[in-house]
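Colleague: Fold the following for me, if possible:
(one chain, ligands or ions: 1)
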Amino acid sequence: MEETKERLQKVMASCGVASRRKCEEIILAGRVSVNHQVVTELGTKVGKKDLICVDGKELIKEPLVYYVLYKPTGYMTTVSDPYRRRLVLDLLPKEITDQYRLFPIGRLDYDTSGVLLITNDGKLSYRLTRSSKEIEKTYQVRMKGLITQEVITELTKGVIIDGIKTKRAKLEVLSLDKKNQSSLITISITEGRNRQVRKMFETVGYPVKKLKRISFGGITLDGLSVGEYRPLKPHEIKVLYSL
Ligand code: URA
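Modeller: Have a look, this model is predicted:
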């Protein structure tokens with residue numbers, strides 16, 4: 001029987017190299033070899049017997065691990081930063097980051113805090129971040145000004161940012177602070193566009209002062225303080241795979 005082969009980037013992601021998209025960049029950069037031949041074709045298929053090396057190091061399947069981190073503001077969600085800003089991965093113990101090739105699932109802005117999933121499972125990352133998947137993310141927003149029902153309706157129905165209308169959102173007003181002229185609300189969205197929440201509020205004339213993600217696909221900050229992390233429980237991983 002002929003051996004089933006899989007796309008190189010898929011195999012790399014499932015071995016925990018990085019997300020599938022990032023693996024494609026790594027291949028294009030000429031950092032990957034298959035049976036000692038550098039490969040830069042994204043369509044390359046590999047089988048179980050092929051020797052794959054990334055940066056000259058043999059690819060070995062590592063156990064898959066999953067964490068939720070309460071990201072503080074002032075940290076980058078990339079795995080490296082040319083300006084040497086602090087990275088979310090620095091908040092995990094070195095024994096863990098040395099052992100596994102971890103990366104965050106999706107992004108949070110430098111100045112956003114809250115729920116961030118971190119894993120070495122490229123397959124789950126791909127499932128949760130591809131644009132066709134509508135994973136609910138809920139944010140707590142402290143914004144300038146007193147929000148009106150009209151604006152809530154507008155944001156719920158969708159507003160144009162970067163030339164494209166946002167999908168339906170759910171909003172809830174938590175409190176209105178008349179003295180300081182600010183509002184605290186939650187917004188749930190199913191997209192993950194760049195700086196989406198900030199841009200949505202800017203569009204309707206209410207700049208965001210503070211942004212915190214309080215839930216990602218049902219995973220919350222419960223039991224965590226800022227900067228803390230915990231491993232996900234098996235049933236939580238199962239739920240994320242079922243979304
Ligand atoms: N929306 C934003 O504007 N920023 C984030 O970090 C996440 C969602």
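
Colleague: can you count the residues close to the closest residue in space to G106 that isn't next to it in sequence?
Modeller: Counting by C-beta to C-beta, 6 or more residues apart in numbering, the nearest residue to G106 once its immediate chain neighbours are dropped is T129, at 5.0 Å. C-beta coordinates here come from the backbone N, C-alpha and C atoms, glycine included. Counted with other C-beta atoms under 10 Å, residues neighbouring T129 total 16.

Colleague: next one: I105
Modeller: 25.

Colleague: Next up, the contacts around the closest residue to it other than its chain neighbours.
Modeller: Leaving aside its sequence neighbours, I105 sits nearest to L117 (C-beta to C-beta, 6+ apart; 4.2 Å). L117 is in contact with 66-69, 104-106, 128, 216, 219, 232, 240, counting by C-beta atoms under 8 Å, 6 or more residues apart in numbering.

Colleague: Point me to the helix or strand that includes L117.
Modeller: Per DSSP states H and E: L117 is located in strand 112-119.

Colleague: What mean pLDDT does whichever helix or strand comes after that strand get?
Modeller: For strand 112-119, the following helix or strand on the C-terminal side (DSSP H and E) is helix 122-129. For helix 122-129, the mean pLDDT works out to 89.

Colleague: Also stretch 109-117?
Modeller: 98.

Colleague: Next, the buried residues of it.
Modeller: 109, 112-117 (16 or more other C-beta atoms under 10 Å).

Colleague: now do stretch 152-168
Modeller: Applying 16+ other C-beta under 10 Å to stretch 152-168 flags 152, 155, 158-159, 161, 166 as buried.

Colleague: okay, now the domains of the chain?
Modeller: The chain is divided into the following domains under automatic domain parsing: 6-58, 66-132+222-242, 137-216.

Colleague: From start to finish, how long is the shortest one in a straight line?
Modeller: The distance separating the two terminal residues of domain 6-58, taken as C-alpha to C-alpha, to the nearest Å, comes to 17 Å.

Colleague: ditto for stretch 200-212
Modeller: Where stretch 200-212 begins and where it ends lie 15 Å apart, using C-alpha to C-alpha.

Colleague: what does this protein have sitting close to the ligand?
Modeller: 108-109, 112, 195-198, 211 (C-beta under 6 Å from any ligand atom).

Colleague: Narrow those to those that are buried.
Modeller: Applying 16+ other C-beta under 10 Å to the residues of the chain next to the ligand flags 108-109, 112, 195-198, 211 as buried.

Colleague: Just give me the neighbour total for Y70.
Modeller: Using other C-beta under 10 Å: Y70 sits among 21 other residues.

Colleague: now swap in F216 and tell me
Modeller: F216, neighbours per other C-beta under 10 Å, totals 24.

Colleague: Run through the bridge partners of it.
Modeller: On the basis of DSSP bridges, F216 is bridged to K137, I219.

Colleague: Confirm for me that it is in contact with K137.
Modeller: Yes: counting by C-beta atoms under 8 Å, F216 does reach K137; the two are 5.3 Å apart.

Colleague: Does the spatially most central residue of the chain belong to a helix, a strand or coil?
Modeller: Residue closest to the mean C-alpha point of the chain, counted by C-alpha atoms, centre = their mean, is G106 at 1.5 Å. What DSSP: H, G, I helix; E, B strand; the rest coil gives for G106 is coil.

Colleague: list the contacts for it?
Modeller: Listed by C-beta under 8 Å, 6+ apart, the contact partners of G106 are 77, 116-117, 125, 128-129, 192, 216.
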